[in-house]
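A.B. asks: need coordinates for the below:
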Amino acid sequence: MDAFVIRLERLDLVLLSTACVEALVSARREQAETLLRAAIPAWWPDEHDVRFLRLRLEQANREPSAGEWLVRGLVLRERSELVGHAGFHGPPGVNGLRKSGAVELGYTVFPSFRGRGYAGEAAAGLIRWARDERGVCTFLASVAPDNEASLAIVRKLGFLQVGEQLDDEDGLELVFQLAT
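C.D. replies: Numbering: from 1, shown residues only. Here you go, the predicted structure:
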């Protein structure tokens with residue numbers, strides 16, 4: 001595994017460079033597809049994801065060394081197609097609990113690709129990369145109480161609920177932790 005592409009069974013987790021994110025938030029799809037080397041759904045990014053991508057772009061511009069932690073495209077290798085995105089909220093220590101050394105995981109699979117195990121594959125791959133390549137031992141995930149699919153993923157990966165928090169945008173979230 002390397003920092004730019006994490007190769008999994010069916011997916012490549014491709015780091016979205018600042019140039020790629022800039023192209024996405026500026027509606028320059030062709031440029032973003034060239035940089036990503038994958039097809040991007042015509043509807044993505046939507047308004048919510050543009051806000052998310054701008055936030056990650058600001059983080060990367062503020063702290064360039066954080067880039068490898070931020071956002072990766074979930075590229076379905078057999079079709080060279082973007083099926084979602086995943087990453088961490090930032091480098092170790094940047095997480096909802098402000099826990100030193102911990103990283104907080106996040107992932108999204110586009111609706112037409114859900115139910116195929118891509119989110120679990122991506123989450124497990126990110127955890128493995130952070131543990132094996134960067135020495136991270138503590139992982140966090142915040143999940144809405146009604147998000148059954150994500151609750152199943154974090155539980156399958158061995159996360160245990162350690163609390164709750166109110167997110168300004170998403171409302172009540174259950175907070176989970178995994179120590180490896």
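
A.B. asks: give me the buried positions along stretch 37-55.
C.D. replies: By 16 or more other Cβ atoms under 10 Å, the buried positions in stretch 37-55 come out as 38, 40-41, 44-45, 49, 52-53. Backbone N, C-alpha and C define where each C-beta goes, glycine included.

A.B. asks: quick check on the residue most central in space within the chain: phi, psi?
C.D. replies: Nearest to the mean C-alpha position of the chain, by Cα atoms, centre = their mean, lies A86 at 1.8 Å. Dihedral pair for A86: phi -160, psi 160, per degrees, to the nearest 10.

A.B. asks: so it makes contact with L70?
C.D. replies: No: using Cβ atoms under 8 Å, A86 makes no contact with L70, being 10.3 Å away.

A.B. asks: where does S65 land in three-state SS?
C.D. replies: Classification of S65 using DSSP: H, G, I helix; E, B strand; the rest coil returns helix.

A.B. asks: next one: the one 3 residues further on
C.D. replies: Secondary structure for E68, judged by three-state DSSP, is helix.

A.B. asks: ok, how many other residues are close to it?
C.D. replies: By the measure other Cβ atoms under 10 Å, the count of residues near E68 is 19.

A.B. asks: one more: the one 10 residues further on?
C.D. replies: Here the neighbour count serves as a burial measure; for E78 (other Cβ under 10 Å) it reads 8.

A.B. asks: just give the nearest non-adjacent residue to it, would you?
C.D. replies: In space, and not counting its chain neighbours, E78 is closest to R10: 7.2 Å by Cβ to Cβ, 6 or more residues apart in numbering.

A.B. asks: again with E33
C.D. replies: I40 (5.4 Å).
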